[in-house]
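Participant: Give me a 3D structure for the following:
(chains A and B)
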Amino acid sequence: MHVKFIELNYLCIHNLNSIMEQKIRECCVDAVKELFGEKIAPELIGFEKTKKEIEGDFTVVVFPLVRYSRKSPEQTATEIGDYLIKNLPGISSFGVIKGFLNLVMTESFWFDFLYTEFGDPSFGVFPARNDKPVVLEYSSPNTNKPLHLGHIRNNLLGYSISLILEANGFDVHKVNLVNDRGIHICKSLVAYMKWGKGETPESSGMKGDHLVGSYYVLFEKHYREEIQSLTGKGMTEDEAAGAADLIGEAQEVLRQWEAKDPDILHLWRTMNDWAYQGFDTTYKQLGVEFDKVYYESDTYLLGKQLVQEGLESGILYSKADGSIWIDLQEEGLDEKLLLRTDGTSVYMTQDLGTAEQRFETYHPSRMIYVVGNEQLYHFDVLKKVLKKLGNPASETLFHLSYGMVELPEGKMKSREGKVIDADDLMDEMVQTAEETTLELGKVDDFSAEKSAALFYMIGMGALKYFILKIDPKRNMLFDPKESIDFNGNTGPFIQYTHARIQSLLKKAKETGSWMLDAGPAKRETRNAKSESSILKPESSTLEPRPSTLIPSEREILRLLYQYPTVVKQAGEELSPALIANYVYELVKEYNQFYQEVPVLREEDPKKLRFRLALSAFTGSVIRKGMALLGIAVPDRM
RNA sequence: GGCCCCAUAGUUCAAGGGAUAGAAUGGAAGUUUCCUAAACUUUAGAUCCAGGUUCGAGUCCUGGUGGGGCUACCA
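Facilitator: Down below sits the predicted model:
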């Protein structure tokens, strides 16, 4: 099914069990030794999520142990359970169903957990590793096309993964490599020179990247027409494509560009600047950022040196026409061109160069490339070429290949105009958020500014969550109708729950028995100091412990306890989807609790305060988790 | 043609080799003198086919069927 991320072992996150699970595991190993006289590997002790309808907080799978106990699964589980109760504090009882040992933790275990962790800003944020950095490339746009839905997935994934890795203590460098040169860029230049009439973003009122993109489209339109008229005169499609005057002009412009023709360079810079300004706006709206932006026009010559060295050492070979190749047949691939007959570099040459450059600049433990799965072959080749050349960058290179975004009517095809534009999409989402919110009459007392901020938060939350909740590796279907839905498993649903919690806390504060320190909600992965919702009861009962925990409270605590482990796992698998699904589960559970259990209306002050603390902690984890997805949550909506 | 990926309710997604395969949406039926109904409850509904490995398979292996991607001196 899915490719396991074995290659990611370098991350050394590995231990994907919670602290309690680790303790249980160790104790189980002791139990097996004590009871059955066998020393077993800790990995043999597996955990399973405790099913909801079964009582228990942790579940040990004992099937693998029966060969050591030589007893029935039930008997084995029972004996180990007895041993655990005697030897591991915090376990109050256990139940055995088949080969599953369901451990029930004491209530004080859960209270201790709640009160030690919920005010701790670093909950779910792991300390910095004194390790080599990670370089993460994402976005990588093309200056002749505005960003579309596919880029949105790329950008959201890349940015979220950077946050997740940071939460796991990694030093992450986010880089962007802009494709700003090549024959396709020259097409836009040609079109502008022919038909542009000096149009600018200001004069046309168009966003820069869209303006540039429109000339690319214009070129393609005329080019197709020319090809059509040539095929009408008896040429084949291929002949016509090569013989058309327009493509000739574009090729000429490329030659001039490479020869540093001042006029061409000037126009090229002008149009690229328009595109960059447009991209910046889109990135800002998306909420993504980079530590460093590379331009292919600066890097495209890199790699030639590597190829030259490879040729000299005999690893590469040249053909009669002067082109340079690598033979990867032993590696199960093909022969691959690395330098053209005319000595110019191809995509691969350039990527070899940037890989080395990056490696030398950062000395990273890993270089992650967030690039669509249509380039699996390219990265396979890249890694193998580097390896064959004996370049250490090869070992650190990892292609995070994500699936394509498809539309209900099929694939997006930019040439046919079948694309969803990033800016349009974001605008629509925000607008829908506005309409829905106004319809529900939620913000009648909001200022215009506050409302606008909320609509943006909700619209973008919906979009981001819709995309990030899906396993990155999988192709996904983007149905605009569904994406704009704010009910069910959606971003706004989660935001709404957070808002309700904040509303509870605010009211609790107003009643006077609670003090709430509301700090600014910042990027918590980076700046763990800013924790809002620290609850300070005025009474001497700092840690109210009601006599019993009801099932929904226990379930919420159980989920909260899992959060750091989920962050780890998401870091290991480079999957924001794990965070998204976790937060959803937590929110669903909380909503049930909210619906069925009184909080402010509770008369027992111990229960009331405990539930407020539980709510505050839940709210904080919702916010942290969503922050890792790049999604903000409101206090009111 | 060769190589790679995918296949789970009508639909879109979950499920570390482990319990009765979970959600959402859509369908049906309910919940508001009460902390925000963008919520909650109940209900019907699924592992493409055929073999194999295993105490145990949606998950691993083989073969089929159906979809997608790659296979440029494009990037």
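Participant: give me the number of residues near the residue of chain A found nearest RNA strand B?
Facilitator: Residue of chain A nearest RNA strand B, by Cβ to the nearest atom of the strand: A:Gly488 (2.2 Å). The C-beta positions use only the backbone N, C-alpha and C, and glycine is treated the same way. Neighbours of A:Gly488 under the rule other Cβ atoms under 10 Å: 9.
Participant: Helix, strand, or coil at it?
Facilitator: Recorded secondary structure, A:Gly488: coil (DSSP: H, G, I helix; E, B strand; the rest coil).
Participant: again, but for the one 4 residues further on
Facilitator: Going by three-state DSSP, the secondary structure assigned to A:Pro492 is helix.
Participant: isn't it right next to A:Ala433, touching?
Facilitator: Yes: using Cβ atoms under 8 Å, A:Pro492 makes contact with A:Ala433 at a distance of 7.4 Å.
Participant: Mutual contacts of those two, please.
Facilitator: A:Ile458, A:Ala462, A:Phe486 (Cβ atoms under 8 Å, 6 or more residues apart in numbering).
Participant: In TSV, list the residues you listed along with neighbour count.
Facilitator: Conversion of the shared contacts of A:Pro492 and A:Ala433 to TSV gives the following (neighbours: other Cβ atoms under 10 Å):
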residue	neighbour count
A:Ile458	28
A:Ala462	25
A:Phe486	19
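Participant: when you check RNA strand B, which of these turn up near it?
Facilitator: Taking Cβ under 7 Å from any atom of the strand as the test, RNA strand B is in contact with A:Ile458, A:Phe486 out of those.
Participant: Output the shared contacts of A:Pro492 and A:Ala433 in TSV, with pLDDT appended to each entry.
Facilitator: Below are those laid out as TSV (pLDDT from 0 to 100):
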residue	pLDDT
A:Ile458	98
A:Ala462	97
A:Phe486	96
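Participant: Between the shared contacts of A:Pro492 and A:Ala433, which sits nearest A:Ile97?
Facilitator: A:Phe486 (39.5 Å; Cβ to Cβ).
Participant: What residues does the closest one make contact with?
Facilitator: Contacts of A:Phe486 (Cβ under 8 Å, 6+ apart): A:Ala433, A:Thr436, A:Ile458, A:Ala462, A:Pro492, A:Phe493.
Participant: Not counting its neighbours along the chain, what's nearest the fourth one?
Facilitator: Excluding the flanking residues, the one nearest A:Ala462 by Cβ to Cβ, 6 or more residues apart in numbering is A:Gly491, at 4.6 Å.
Participant: what about that neighbour, how many neighbours?
Facilitator: A:Gly491: 31 neighbours (other Cβ under 10 Å).
Participant: And A:Ile622, by the same measure?
Facilitator: Using other Cβ under 10 Å, the number of residues around A:Ile622 comes to 21.
Participant: Output the set of residues of the stretch 351-500 of chain A in proximity to RNA strand B.
Facilitator: Selection of the stretch 351-500 of chain A residues close to RNA strand B by Cβ under 7 Å from any atom of the strand yields A:373-378, A:404, A:411, A:433, A:436-437, A:440, A:442, A:458, A:469-471, A:474-477, A:479, A:482, A:485-490, A:492-493, A:496, A:499-500.
Participant: Buried subset of these, written for ChimeraX?
Facilitator: Selection of buried members from those for ChimeraX, criterion 16 or more other Cβ atoms under 10 Å:
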select /A:373,375,378,433,436,437,442,458,469,470,471,476,485,486,489,490,492,493,496,499,500
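Participant: What about the residues of the stretch 351-500 of chain A next to RNA strand B, which are in strands?
Facilitator: Those of those mapping onto strands are A:Lys411, A:Met476, A:Leu477, per DSSP state E.
Participant: Enumerate every residue touching the last one.
Facilitator: Residues in contact with A:Leu477, defined by Cβ under 8 Å, 6+ apart, are A:Val405, A:Glu406, A:Leu407, A:Pro408.
Participant: Which one of those sits in the busiest neighbourhood?
Facilitator: Top of the contacts of A:Leu477 by neighbour count (other Cβ under 10 Å): A:Val405, with 22 neighbours.
Participant: hey, where'd the helices end up in the stretch 501-637 of chain A?
Facilitator: Along the stretch 501-637 of chain A, the segments classed as helices by DSSP state H, counting those that start in this stretch run A:551-573, A:576-596, A:605-628.
Participant: Cross-check the contact I'm expecting between A:Pro146 and A:Gly208.
Facilitator: No: with contact defined as Cβ under 8 Å, A:Pro146 does not count as touching A:Gly208 (9.2 Å).
Participant: ok, those two, which is more surrounded?
Facilitator: Of the pair A:Pro146 and A:Gly208, A:Pro146 is the one with more neighbours under other Cβ under 10 Å, namely 28 against 25.
Participant: who touches the more buried one in this structure?
Facilitator: Under the criterion of Cβ under 8 Å, 6+ apart, the neighbours of A:Pro146 are A:Lys207, A:Asp209, A:His210, A:Gly213, A:Gly278, A:Thr282, A:Asp421, A:Ala422, A:Asp423.
Participant: what does A:Gly461 give?
Facilitator: A:Gly491, A:Pro492, A:Ile494, A:Gln495, A:Met626, A:Ile631, A:Ala632, A:Val633.
Participant: Please apply the same query to A:Leu101.
Facilitator: Each residue near A:Leu101 by Cβ under 8 Å, 6+ apart is listed here: A:Thr59, A:Val60, A:Val61, A:Val62, A:Ala77, A:Ile80, A:Gly81, A:Phe94.
Participant: Spell out the secondary structure type for it.
Facilitator: Once three-state DSSP is applied, A:Leu101 turns out strand.
Participant: distance of it from A:Gly46?
Facilitator: Noted for A:Leu101: a distance of 11 Å to A:Gly46, by Cβ to Cβ, to the nearest Å.
Participant: State the pLDDT value of the residue of chain A most remote from its centre.
Facilitator: Outermost residue of chain A with respect to the C-alpha centroid, by Cα atoms, centre = their mean, is A:Lys233; its distance is 51.5 Å. Note for A:Lys233: predicted pLDDT of 88.
Participant: Distance check, it against A:Glu239.
Facilitator: Distance from A:Lys233 to A:Glu239, counting by Cβ to Cβ: 10 Å.
Participant: again with A:Gln75
Facilitator: Using Cβ to Cβ, A:Gln75 is found at 80 Å from A:Glu239.
Participant: now swap in A:Gly390 and tell me
Facilitator: Applying Cβ to Cβ, the value for A:Gly390 to A:Glu239 is 43 Å.
Participant: Show me the strands in the stretch 101-250 of chain A, by range?
Facilitator: With DSSP state E, counting those that start in this stretch as the criterion, the stretch 101-250 of chain A has strands at A:134-137, A:172-178.
Participant: Flag the shaky bits of the stretch 251-400 of chain A, pLDDT-wise.
Facilitator: Of all residues in the stretch 251-400 of chain A, none has pLDDT under 70.
Participant: what about A:Leu586, how many residues close to it?
Facilitator: So A:Leu586, with other Cβ under 10 Å, has 23 neighbours.
Participant: Settle this for me: it is touching A:Arg623, isn't it.
Facilitator: No: counting by Cβ under 8 Å, A:Leu586 stays clear of A:Arg623, with 11.3 Å between them.
Participant: okay, and the common contacts of the two?
Facilitator: Contacts common to A:Leu586 and A:Arg623, judged by Cβ under 8 Å, 6+ apart, are absent.
Participant: circling back: most neighbours out of the contacts of A:Gly461, which is it?
Facilitator: For the contacts of A:Gly461, neighbours tallied by other Cβ under 10 Å; top is A:Gly491, 31 neighbours.
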